[in-house]
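Trainee: compute the structure for the input listed below.
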Amino acid sequence: MKCTDMLAMLNDFVDGTIDPSICAEFERHLAGCNPCQVVVDNIRQTITLYQNGQPYELPAQFRQQLHTALRARWKETHRTADTNP
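Mentor: Predicted structure coming up:
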């Protein structure tokens, strides 16, 4: 299996929904490919952190600045015909 093949099926592998015979090929590839090991490990760690994480309350000032920036960006990208000059 090539790195490009593995990356194309990576989501199914990480989700555990890939065919067991292909899963064995993934494991063989990962055993000898450090860059792919890093990618898979990072994805697994991200999923674990997300699943175990608690909501984080943003500081009020940061939240307001974020909302202002998002609203401005939305207006830039979603102008309607009646708002264009």
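Trainee: nearest spatial neighbour of the residue nearest the centre of the chain, skipping sequence neighbours?
Mentor: With distances taken as Cα atoms, centre = their mean, the chain has I43 as the residue nearest its mean C-alpha position (7.6 Å). Leaving out its chain neighbours, the residue that sits closest to I43 by Cβ to Cβ, 6 or more residues apart in numbering is V14, at 5.3 Å. No exception for glycine: its C-beta is placed from N, CA and C like everyone else's.
Trainee: contact partners of the host helix or strand of that neighbour?
Mentor: For V14, the host element (DSSP states H and E) is helix 10-15. For helix 10-15, contacts defined as Cβ atoms under 8 Å, 6 or more residues apart in numbering pick out 6, 18, 22-23, 26, 39-40, 43-44, 47.
Trainee: could you do stretch 54-74 as well?
Mentor: Counting by Cβ under 8 Å, 6+ apart, no residue sits against stretch 54-74.
Trainee: quick check: mean pLDDT across that stretch?
Mentor: On average, the pLDDT along stretch 54-74 is 90.
Trainee: ok now that stretch, how far from the chain's centre?
Mentor: With Cα atoms, centre = their mean, to the nearest Å as the basis, stretch 54-74 stands 21 Å off its chain's centre.
Trainee: okay, buried residues for it please.
Mentor: Within stretch 54-74, no residue counts as buried by 16 or more other Cβ atoms under 10 Å.
Trainee: adjust the sequence numbering to begin at 8 for everything that follows.
Mentor: Renumbered: residue one is now 8, and that last one reads stretch 61-81.
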